[in-house]
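**Student:** Sharing a model that was predicted from the sequence below.
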Amino acid sequence: MKQLNVLAKQPRGRREIVRVLPCLILLLSFCAGALAQTTNTEEGTANPSFPVTHVLGLAGTLPNTPGSLTVKAGSLRFENKKQGITLLSTVSIEAIFLSQQDKQVGGVPMTLGKAAVPFGGGRVISLFSHKKYDDIALIYRDDDGGIHGAILQLPAGQGTKLRDELVSQGARVGPQWDPANGKAAPEVSDATN
């Protein structure tokens, strides 16, 4: 009660400042946090880092592990804080396959919320509860010549960037799928006879 009486006795301009001040402090703290994040543009253009989830396939890395992926000096580098670093030579990559996936987010609470909305309103919620991902599958050879595969999940739009970066470092792209006839498209040879 005392605080309300103090605000009532202050002039009108001062009362507004007291009410707005916490919002300004919060806004400035967010701005300071955003400005404090440093980005190295030279490193970003030369060796981009991709946020990725390792679905399965990389040796020594557990399934569904989040981390960052960097293509640098002829190697693919998956880094995770708990499990360390996994390296894969880009020239050992035989094929790269790219696909897109749409996942519903929110889990059980979102499903229960959709069921509780009357008059079919859960369908409207479903429109906004999806997130898109790019899946990239790599077929590669180990040091002994054995063939292995790995599946990685990236945010939407990052898959083509990663594929282009891998190809520029020496990886090969496998045959692309032709949806018209349901078969792999024939590879085009650069050699003219």
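**Tutor:** Sure, I can see it.

**Student:** Can you name the helix or strand that residue 163 falls in?
**Tutor:** Element membership for residue 163 (DSSP states H and E) is helix 159-168.

**Student:** helices and strands around that helix, which ones?
**Tutor:** Other helices and strands packing on helix 159-168, by 3 or more C-beta pairs under 8 Å, 6 or more residues apart in numbering; DSSP states H and E, are strand 65-72, strand 93-104, strand 130-141. Any C-beta I mention is one placed from the backbone N, CA and C, and that applies to glycine too.

**Student:** go with 6 Å
**Tutor:** strand 93-104 (3 or more C-beta pairs under 6 Å, 6 or more residues apart in numbering; DSSP states H and E).

**Student:** lowest average confidence, helix or strand, in the protein?
**Tutor:** helix 41-46 (a mean of 45; mean pLDDT, DSSP states H and E).

**Student:** For the closest residue to residue 87 other than its chain neighbours, report the pLDDT, please.
**Tutor:** Closest residue in space to residue 87, ignoring its immediate chain neighbours: residue 75 at 5.1 Å, by C-beta to C-beta, 6 or more residues apart in numbering. pLDDT for residue 75: 88.

**Student:** Tell me what residue 75 is bridged to.
**Tutor:** residue 72, residue 89 (DSSP bridges).

**Student:** any idea how far it is from residue 110?
**Tutor:** 39 Å (C-beta to C-beta, to the nearest Å).
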